[in-house]
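K.L.:
just need the structure, nothing else, for what follows:
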Amino acid sequence: MDRRSFIKRASAATAAAAVMTTKQKWVSATGVEDSKQIGSIIDLTKCDGCELEDTPLCVTACKTKNADRFPQPEKPIKDYWPQKHHEDWSGEQDQTGRLTPYNWTFVDKVEVEHNGVTKKVSVPRRCMHCDDATCQKLCPFGVIHKSEHGAVTIDEDFCMGGAKCRSACPWDIPQRQAGVGIYMNLMPDLAGGGVMFKCDMCVDLLEKGQKPACETSCPKDAITFGPLNQIKQEASTRAEEIGGYVYGDDENGGTHTLYVSDVPFEIIDEAIAKDKQANNDQRPGRPHMKPDVENLLDTAHGFTLAMMIAPVAGAAAAGITAYKTLKGEKEEESSNE
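P.N.:
Sure, this is the predicted structure:
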């Protein structure tokens, strides 16, 4: 593609993106598409972490479904300037005790004390799929999107692995694998860092009207997906029935993943932090459960970042759209020859 053609396509893509953004805001404001929004309840009173299994079945199902998307880095993996390190989980692809680029959900098992009773709590963790996702707004390359069902997804083909999404996420959910991704073909020594990976709510199954793999594999019916408004109501009702608590309804401005527990989440969070400290576990991938998490976009700092990143993300998105358009045209031409 010559320079003039690229600019023409990029301009058209930018205009189209602006129209779509306006349309999405209008739809959200009027609630026209509310019926398509999907949420999930994770009931901690039902989950036992599949105690008789070597690995929780939801974790196994997720790994099996997404295995063909797991990164395969080129070795040796080089550091990129100005960093003097890189994140490489390729030697721990069987790790199931935390989030990694090869493990998009895990069950955090902790011991808590509540009302004088000591008990074990199993907490399935994955992306929260926020209503107003900070990772999406602060991705400098514009490669994070929300599906019509509300699933927050990362375009793995164009992610540069800058990890701004993880920095913006209150729970540090996305995990990075170096040595893979488009940056390897652009400036592997100067920019990028790999690709970020996380749960995408099995968006491909949702589009077919099917349930995500973690729900269909759960033997305790501890995970339930459904229309978001209905899920929120069910979570509230369930919490009232057990005299319990809901997590995710308000945190970070609201999410599509709601937890129900008969133990306060402050106590669960303290247990997670204590366990991480005892095991000197400082690597990302074991999210906290602090209540009342503030959305970064509601702060002056977050708003400023979003304003600074928006033009860059828009230009990047336009370039990616232009590339995809050209690639599609070339593939069509090849098929017609």
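
K.L.:
show me where the stretch 151-300 of the chain has strands.
P.N.:
Applying DSSP state E, counting those that start in this stretch to the stretch 151-300 of the chain gives strands spanning 152-154, 175-177, 195-197, 223-227, 245-247, 257-261.

K.L.:
in TSV: these, plus mean neighbour count, mean pLDDT and distance to Ser35.
P.N.:
For the C-beta atoms, the positions are set from N, CA and C on the backbone; glycine is no exception. Output for the strands of the stretch 151-300 of the chain, formatted as TSV (neighbours: other CB atoms under 10 Å; pLDDT from 0 to 100; distance: least, CB to CB, whole Å):
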stretch	mean neighbour count	mean pLDDT	distance to Ser35
strand 152-154	22	97	19
strand 175-177	25	97	32
strand 195-197	27	97	30
strand 223-227	20	98	7
strand 245-247	21	98	22
strand 257-261	25	98	18
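
K.L.:
dump the ones you listed to CSV, plus distance to Glu113.
P.N.:
What follows is the strands of the stretch 151-300 of the chain, written out as CSV (distance: least, CB to CB, whole Å):
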stretch, distance to Glu113
strand 152-154, 34
strand 175-177, 31
strand 195-197, 35
strand 223-227, 26
strand 245-247, 16
strand 257-261, 14
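
K.L.:
got any ranges where this structure has weak pLDDT?
P.N.:
Filtered on pLDDT under 70, the chain yields the residue ranges 1-33, 189-192, 296-337.

K.L.:
helices of the stretch 51-200 of the chain, start to end?
P.N.:
Ranges of helices within the stretch 51-200 of the chain are 57-66, 134-138, 164-168, 183-186, based on DSSP state H, counting those that start in this stretch.

K.L.:
output the shortest one as PDB, nothing but the C-alphas.
P.N.:
What follows is helix 183-186, C-alpha atoms only, in PDB (Å, rounded to 0.1, in the frame of the first residue of the first chain):
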ATOM      1  CA  TYR A 183       6.300  -6.100  18.100                       C
ATOM      2  CA  MET A 184       8.600  -9.000  17.100                       C
ATOM      3  CA  ASN A 185       8.100  -7.900  13.500                       C
ATOM      4  CA  LEU A 186       8.400  -4.100  14.100                       C
END
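
K.L.:
in this protein, which residue is closest to the centre?
P.N.:
Central residue of the chain (CA atoms, centre = their mean): Cys127, 4.1 Å from the mean position.

K.L.:
can you tell me how far that one is from Tyr80?
P.N.:
Using CB to CB, to the nearest Å, we find Cys127 at a distance of 26 Å from Tyr80.

K.L.:
ok, now Lys46?
P.N.:
Relative to Tyr80, Lys46 is positioned 44 Å away (CB to CB).

K.L.:
ok, now Asp48?
P.N.:
43 Å.

K.L.:
again with Val117
P.N.:
Using CB to CB, Val117 is found at 50 Å from Tyr80.

K.L.:
and Arg176, which of the helices of the stretch 51-200 of the chain is closest to it?
P.N.:
Evaluated over those, closeness to Arg176 peaks at helix 164-168, with 7.1 Å, by CB to CB.

K.L.:
pull out the buried positions in the closest one.
P.N.:
Of the residues in helix 164-168, Lys164, Cys165, Arg166, Ala168 count as buried by neighbour count, 16 or more other CB atoms under 10 Å.

K.L.:
just the closest of those to Ser90, please.
P.N.:
Ranked by distance to Ser90 (CB to CB), these are led by Arg166 at 18.2 Å.

K.L.:
how many neighbouring residues does the nearest residue to that closest one once chain neighbours are set aside have?
P.N.:
Ranked by CB to CB, 6 or more residues apart in numbering and with sequence neighbours excluded, the top spatial neighbour of Arg166 is Pro174, at 4.7 Å. For Pro174, the count of nearby residues is 29 (other CB atoms under 10 Å).
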